[in-house]
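1. I would like the atomic coordinates for the input below:
(one chain, ligands or ions: 1)
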Amino acid sequence: MPLPALINRTPRAKDAELAACQWPEDALHFIPDWVYTSNAVYDLELEKIFRGRTWNFVALEAEIPNTGDFKRSYVGPTPVVVARAEDGSVNVFENRCAHRGAEFCRHGQGNAKEFVCPYHQWSYDLKGNLQGVPFKRGVNRAGGMPKDFRNEDHGLVKLNVATRNGATWSRWTCT
Ligand code: FES
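-> Predicted coordinates for the structure are as follows:
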């Protein structure tokens, strides 16, 4: 009996490359190359797994036991920071500055009171909230951010977090 067409469970008609990924009927003893090489399959993995409902391991709680402890990690290809805040909570947010997308955290692990992006010094607290923007009101009444700029609208992208038996897991979506 042929194996089910695994990829075709989620077909996207307009995606010709994905539609071409047919599981061979006799593939009980090997895995087709396209499983590893197809960009369409990779994109689908990102969408369904790493950007979907799946919880992704990011750190051990024991690696960040104290306030301010942090560790860099990844959810799929996306760099994230795992940090313990003052209230003891574990927080996960993208390691991409809300200003121009720079990877603001350059150390694999450490302890910090805040995160300051090396490019233009936007600073974030241990929960990924934007704290400070240099020259927010400009210099000599020139430049600066728009009048309606609110720090709370420009924090880092935060992920959902769950800890189980000392392991920390993260994902974007709740549904
Ligand atoms: S890119 Fe981070 S402050 Fe500009």
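
2. Around the ligand, pick out the residues from this structure.
-> 97, 99-100, 102, 104, 117, 119-120, 122 (Cβ under 6 Å from any ligand atom). C-beta coordinates here come from the backbone N, C-alpha and C atoms, glycine included.

3. Can I get those residues in CSV including neighbour count?
-> What follows is these, written out as CSV (neighbours: other Cβ atoms under 10 Å):
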residue, neighbour count
Cys97, 22
His99, 15
Arg100, 10
Ala102, 16
Phe104, 22
Cys117, 19
Tyr119, 13
His120, 13
Trp122, 23
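
4. Which ones among these lie within helices?
-> Judged by DSSP state H, the residues of the chain next to the ligand include no members of helices.

5. from these, which is closest to Asn66?
-> Of all the residues of the chain next to the ligand, Asn66 sits closest to Phe104, with 20.9 Å by Cβ to Cβ.

6. which residues touch the nearest residue to the closest one once chain neighbours are set aside?
-> Of all residues not flanking Phe104 in the chain, Cys117 sits nearest, at 3.8 Å (Cβ to Cβ, 6 or more residues apart in numbering). Applying Cβ atoms under 8 Å, 6 or more residues apart in numbering to Cys117 gives the contacts 97, 99, 102, 104, 123-124.

7. Out of the residues of the chain next to the ligand, flag the one nearest to Lys71.
-> Of the residues of the chain next to the ligand, the one sitting nearest to Lys71 (Cβ to Cβ) turns out to be Phe104, at 14.5 Å.

8. quick one on the thing from earlier: may I ask which two of the contacts of Cys117 are separated the most?
-> Spatially, the most separated pair among the contacts of Cys117 is Ala102 and Ser123, at 13.0 Å (Cβ to Cβ).

9. could you give me the average pLDDT of the longest helix seen in the chain?
-> In the chain, assigned by DSSP H, the helix with the most residues is helix 39-45. Helix 39-45 carries an average pLDDT of 89.
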